[in-house]
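Undergrad: Just a sequence and a predicted model for now, questions to come.
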Amino acid sequence: MRFDTLSDLKNYKNEISQKQDKGKEIWICGGPGCVANGSMAIAEEFIKALGNKSSSDENTSLWHSIKVLIRPEEKETEKLIRTGITGCMGPCENGPVVHVEPDGLYYQKVTVDDIEGIIGSIKENIPYKAKAMSGLDDKPAEVPSAENIPFLAKQKKIILGKMSTMSPLDLEDYIAHGGYSGLIRALESMAPEEICNEIKASGLRGRGGGGFPTGVKWESCRNSASEMRYVLVNGDEGDPGAFMDRALMEGDPYSVIEGLTIGAYAIGSSEGIIYVRHEYPLAVKRLANAIKNLEEAGLLGTNILGTGFDFHVEICEGGGSFVCGESTALMTSIEGKPGVPRVKYIRSTERGLWESPTVLNNVETWANVPHIITNGSEWFRSIGTENNSGTKVFALVGKVKNTGLVEVPMGTTLRQIIYDIGGGVAQKRPFKAVQTGGPSGGCLPASMLDTPVDFDSLTEAGSMMGSGGMIVMDDRTCMVDIARYFIDFLVEESCGKCVPCREGLKKMQMILHDLTNGKGREGDTKALEDLAEDISDTSLCALGQSAANPVLSTIKYFKEEYIEHEKEHFCRSGVCQGMFRIKIDEEKCKSCGLCSKNCPADTIEKLDSGKYCIKQEGCIRCGACFEVCPFSSVDIVNEVIDDD
Amino acid sequence: MGEIDRIAEILHKHRQDPRYLLAILLDIQESENYISIEAMRTVAEHLGISESRVFAVVTFYRALSQKKKGRRIIRVCTGTACHLRGSAAVLQELEKQLAIKTGGVTEDGEYTLETVNCVGACALAPVVTSGENSFGRMGPSKAAELLAEGAFA
C-alpha cells in the first residue's frame, strides 16, 4: 500500500467505502485493564476456535470464513469473519470485553468458556445472552448494543469513536474508518493559515489541562521567523489516576499522528517528536509501528502525497520523571539533558526546542485535529459549551462502580459522569469527594457535584480540569491522608531547581505526616494554608505553582477533618493508623455474624444478647468488619472503649 | 559478550548526537540493569560531552540507576486509584515476603521491588507489574500467592 498522490489516497478511500459486505468482526479489548484480566489469551483461543493457528499478540487481525444464518429467511450464507485486538473500549471494570461488529454488541467478563457460545451466536445471528453487558438495573441487556448499556449510551465518543472497531496496528483499518480525510482536506483545499484559523474558530483548547487555545498557539508559532519549527506531542502522562493518553497512543496511534501531520503543515514544520512516558512501553511499540507503516505508505516522509510537504516523526522516550510533562522541561529532556523547567520569559512558540519555534500539544489535543478539519469548526463548536467546545476523555477510577475510560461533551456535570455513566459509588457507599486534575488539581465535595466539567468551572471550584483523571472517593477516604499522598508525590517529583517548591513542599509534607500520624498540633492547618499560598506565588513552574491545590481544596471543603486530626487526633474515615476505634452499634446489629467470620484478628465475640462486640485489645483496625456488615452497624468512633 | 561489547552495540544503534543521551542510557539500563561509572565515561566520550552532563542525566531520571537492580523488577503501583484501594498494604506484604525494603534487591539478585506512580491500569487498582505483565485487583494475600507461584518471575 503506497500513496504517491492525493488522488491515490482518495481513490483508495472510495474503493473501501464501496465494499458492500464487510463480514463479521469479533473485537477483543486490548486495553490495559482487559489485558491484565487475560484478554490476550482469549483472543488467541478465538483464533484457534475459528480454525487458525494461534499467532503472536501483535498480529491477531485475521480473516476466516464461517456460515451465518440469515433471518427471517432462515437461509445459511458464507460470511467472512475476523478476529482482532483493539485499544481500550472503556468498560474496564467489566473486562475482558468482546465487541461484535457490525451488530455492535458488547459482552463483558468473557472467559475462554464463552468463546464457543459467542461464535455460535454469530452463526445464529442472535445475541449471546450469558455475557451480555449490563443494561438498566444491572441486568444483562436483552440486546447488548451501546444504546442499551447506560455506561456507553450516555457518552459521546468522537476521539474514542474508532477504538472499539479497529486494530490499532492496521493503517488500512484506520483509513477505512474515516482516517486521513482530515489530511486530504488540509492538503487539497486549505492554505496553512486557513488551517490555523479553522482550529482557532473551533475553540479547541489544550487537553493536557492548561486549556490554552490551540489555534492561537499554532498561529503564533507560524508567525515566528525561523528556518526550523518543531511540533511535539506531550505523551508524558504523569498524573496518577489518568490513562486517557495511554489509551489513545495504544488504541488509535494513527489519529494522533494524522493530527500532528496537519499541525506541522499548518505551522510550517518538517519535524515532529512524540515524547512518551517511560512507563508506557506498549504505547511506544504501537506508535513506532504506526510511524513505520505511514512511512511505507508515503503518509510520512518527503513529498507527502506529491504535495511537496516533508514531515518526519520520531519517538522520544521519557525517563520516569513527572516534571517532564511540563512544557519547557519536556523540551529540555528531548535535548538530552535533565528535564528541568526553564523560566518562560519567551514563549516556546517563539523559542522552544533547540531555540526554534515549537508547538507542543497533548496527545488528546492532536487527536481532535483530524476531526475538526474533516467536519469543520462549526460542527466542533456545536458540541460542548460556549467557551469549551468539543468533548473530553476521562479516566473514571477510584471508588466508583463502573471504572473505565469515558468521553463526554464538555459541560457535562460531575454527577452525570459519576452517577449516570459510572453507576455511582462502589458498594453503594456514601460519596465523599471527586478528585480531578491530578497532583495539581483538587477534591470537590458532594455539594459541587452539579459543577459542569469544563476548564473554567472546575478552576473556579478550586480544582482543575487537568489531563482527565477523575478519582471518586467514598466515606472511607481520609481527605488529610489524600493531601499527604499528593504532597508526598510532589516532594518526590520536584526537580529541586527553585527553593519554594523544593523546601516549601517538604515543610508541608512534615506537617501532613504529623497530622496523619496522630502528632498534629494546634495551628497546623493554618500553617499549611500559609505555606500553600507562598509556594503558589513564588514557584518557577506549573508543578510548584499548582502543588498546593490538593491541600487548599481539601482544607476548603473538608476543614472539619483537618481540625479533628489537629485537635482530637481523630480520623473519621478510619484510614490514619491509631487515630480511631471501631465499635459495633448494638442497636443496629442484627446478629448475622459476618463480621466475626471475616475478622482476621479473631477479635469479634458474640455477647449473651446475641449481638457482636469487638474486643479492642486484639483489634488491628483493618476495617474488614466495616466492609462486610450489611446493616452499617460498624462505626468508626473517637473514644476510648474499655474491654470489660 | 561482555558489558563493554554490549554497550558498544547500543552506542552503534543510536545516532552519534547528544540529543540521544537519554535514549542510550535507557538502553544501557535495560541491558545491564544499572549504569556503571565506566559506562558513563564511555558514553560521554562517544557523544563528545562532559562526564558531568552524563552523570546529571543518570541521577535525574528515575528510570536510570547506579545500583544494580534485580533481574526482575516488581513494581507496585502507588497511583491515586491504587492508593485509595489499598496499594500500601500490598507493598508492605511484598516487602515482608521478599525480605527487602522498597528499592532493594533480594539476596539472590532475582527481584527488585519498586513503586511506580501510575501505570495507567487504574480500573484494576491496585495493580502490580512485573516486566510487561500487569496483575490487577491485588490484595496482600493475592500478591503473596502470585509471588510464591512464580508469577512475577
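TA: Nice, thanks for sending it over. Numbers count the residues shown, from 1 in each chain, chains lettered A, B, ... in the order given.
Undergrad: Kindly report the residues of chain B close to chain A.
TA: With CB under 8 Å from any CB of the partner chain as the criterion, chain B comes near chain A at residues B:18-23, B:25-26, B:53, B:56-57, B:60-64, B:78-85, B:116-125, B:127, B:132, B:134-136. Placement of C-beta: from N, CA and C, glycine included.
Undergrad: May I have the phi/psi pair for the closest residue to chain B within the stretch 251-400 of chain A?
TA: Nearest residue of the stretch 251-400 of chain A to chain B (CB to the nearest CB) works out as residue A:319 at 2.9 Å. As for residue A:319, its main-chain torsions (degrees, to the nearest 10) stand at phi -120, psi 20.
Undergrad: Would you mind measuring from it to residue A:362?
TA: 19 Å (CB to CB, to the nearest Å).
Undergrad: swap in residue A:155?
TA: The gap separating residue A:155 from residue A:362 is 20 Å, by CB to CB.
Undergrad: Which of the residues of chain B next to chain A fall in strands?
TA: Using DSSP state E, the subset of the residues of chain B next to chain A located in strands is B:116, B:134, B:135.
Undergrad: between residue A:319 and residue A:362, which one's more packed in?
TA: residue A:362 (26 against 23; other CB atoms under 10 Å in any protein chain shown).
Undergrad: Residues of the stretch 51-200 of chain A that sit close to chain B?
TA: Counting by CB under 8 Å from any CB, the stretch 51-200 of chain A sits next to chain B at A:92, A:93, A:95.
Undergrad: name the element the closest residue to the last one other than its chain neighbours belongs to?
TA: Put plainly, it is residue A:95. Nearest residue to residue A:95, sequence neighbours excluded (CB to CB, 6 or more residues apart in numbering or on different chains): residue A:34, at 3.7 Å. Assigning secondary structure by DSSP states H and E places residue A:34 in helix A:32-36.
Undergrad: Next secondary structure after that helix?
TA: Following helix A:32-36 in sequence, per DSSP H and E, is helix A:39-49.
Undergrad: Mind checking if that next one is in reach of chain B?
TA: No. Judged by CB under 8 Å from any CB, helix A:39-49 makes no contact with chain B; its nearest approach is 10.2 Å.
Undergrad: pull the CA atoms of that helix into PDB?
TA: What follows is helix A:39-49, C-alpha atoms only, in PDB (Å, rounded to 0.1, in the frame of the first residue of the first chain):
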ATOM      1  CA  SER A  39      -7.900 -10.800  27.100                       C
ATOM      2  CA  MET A  40      -4.800 -11.800  25.000                       C
ATOM      3  CA  ALA A  41      -5.300 -15.500  25.900                       C
ATOM      4  CA  ILE A  42      -9.000 -15.100  24.900                       C
ATOM      5  CA  ALA A  43      -8.000 -13.600  21.600                       C
ATOM      6  CA  GLU A  44      -5.700 -16.500  20.900                       C
ATOM      7  CA  GLU A  45      -8.400 -19.000  21.700                       C
ATOM      8  CA  PHE A  46     -10.900 -17.200  19.400                       C
ATOM      9  CA  ILE A  47      -8.400 -17.600  16.600                       C
ATOM     10  CA  LYS A  48      -7.900 -21.300  17.400                       C
ATOM     11  CA  ALA A  49     -11.700 -21.900  17.700                       C
END
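Undergrad: name the helices or strands packed onto that helix?
TA: Helices and strands touching helix A:39-49, by 3 or more CB pairs under 8 Å, 6 or more residues apart in numbering or on different chains; DSSP states H and E, are strand A:24-29, strand A:75-86, helix A:115-124.
Undergrad: Give me the packing partners of the second one, helices and strands only.
TA: Meaning strand A:75-86. So strand A:75-86, by 3+ CB pairs under 8 Å, 6+ apart, packs with strand A:24-29, helix A:39-49, strand A:62-70.
Undergrad: Check which residues of the longest one are buried.
TA: This points to helix A:39-49. Neighbour-count burial for helix A:39-49 flags A:39, A:40, A:41, A:42, A:43, A:44, A:45, A:46, A:47 (criterion: 16 or more other CB atoms under 10 Å in any protein chain shown).
Undergrad: Tell me who's in contact with the fourth one.
TA: Spelled out, it's residue A:42. A:28, A:96, A:98, A:110, A:111, A:112, A:115 (CB atoms under 8 Å, 6 or more residues apart in numbering or on different chains).
Undergrad: nearest to residue B:93, of the helices and strands packed on helix A:39-49?
TA: Closest approach to residue B:93 among the helices and strands packed on helix A:39-49 is made by strand A:24-29 (29.7 Å; CB to CB).
Undergrad: Remind me what that closest one packs against, helices and strands.
TA: If contacts are counted by 3+ CB pairs under 8 Å, 6+ apart, strand A:24-29 sits against helix A:39-49, strand A:75-86, strand A:98-101, helix A:115-124.
Undergrad: CA atoms of the longest one as CSV?
TA: Backbone C-alpha positions of strand A:75-86 (Å, rounded to 0.1, in the frame of the first residue of the first chain) are rendered in CSV as follows:
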residue,chain,number,x,y,z
LYS,A,75,-31.0,-19.2,4.9
GLU,A,76,-27.4,-20.0,5.5
THR,A,77,-24.8,-17.9,3.9
GLU,A,78,-21.0,-17.9,3.8
LYS,A,79,-19.5,-14.9,5.7
LEU,A,80,-16.1,-13.8,6.3
ILE,A,81,-15.3,-13.3,10.0
ARG,A,82,-12.4,-11.6,11.5
THR,A,83,-10.9,-11.5,15.0
GLY,A,84,-8.6,-8.8,16.3
ILE,A,85,-7.4,-6.9,19.3
THR,A,86,-8.4,-3.3,19.7
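Undergrad: so that strand versus helix A:115-124, what angle?
TA: For strand A:75-86 against helix A:115-124, the angle by axes from the mean of the first three to the mean of the last three CA atoms, to 10 degrees is 130 degrees.
Undergrad: partners of strand A:75-86, with directions?
TA: Strand pairing for strand A:75-86, using DSSP bridges, gives strand A:24-29 (parallel), strand A:62-70 (antiparallel).
Undergrad: Could you say which of those strands is packed most deeply?
TA: For the strands paired with strand A:75-86, the largest average neighbour count (mean count of other CB atoms under 10 Å in any protein chain shown) is found in strand A:24-29, namely a mean of 25.
Undergrad: How about residues contacting it?
TA: A:34, A:39, A:42-43, A:46, A:60, A:66, A:68, A:79-86, A:88-89, A:95-103, A:110, A:118-119, A:122, A:164-165.
Undergrad: Now restrict those residues to buried residues only.
TA: A:34, A:39, A:42-43, A:46, A:60, A:68, A:79, A:81-86, A:88-89, A:95-101, A:103, A:110, A:118-119, A:122, A:164-165.
Undergrad: tell me the contacts of the closest residue to residue A:232 other than its chain neighbours?
TA: In this structure, residue A:232 finds its nearest non-sequential neighbour in residue A:360, 4.3 Å apart by CB to CB, 6+ apart. Shown in contact with residue A:360 (CB under 8 Å, 6+ apart): A:232, A:233, A:234, A:327, A:330, A:331, A:348, A:352.
Undergrad: Let me know how buried the fourth one is, in neighbour terms.
TA: Residue A:327 is flanked by 24 other residues according to other CB under 10 Å.
Undergrad: do the last one as well
TA: Counted with other CB under 10 Å, the burial measure for residue A:352 works out to 26 neighbours.
Undergrad: about what we covered before: which of the residues of chain B next to chain A fall within helices?
TA: Judged by DSSP state H, the residues of chain B next to chain A include B:21-23, B:25-26, B:53, B:56-57, B:60, B:80-84 as members of helices.
Undergrad: No further questions, thank you.
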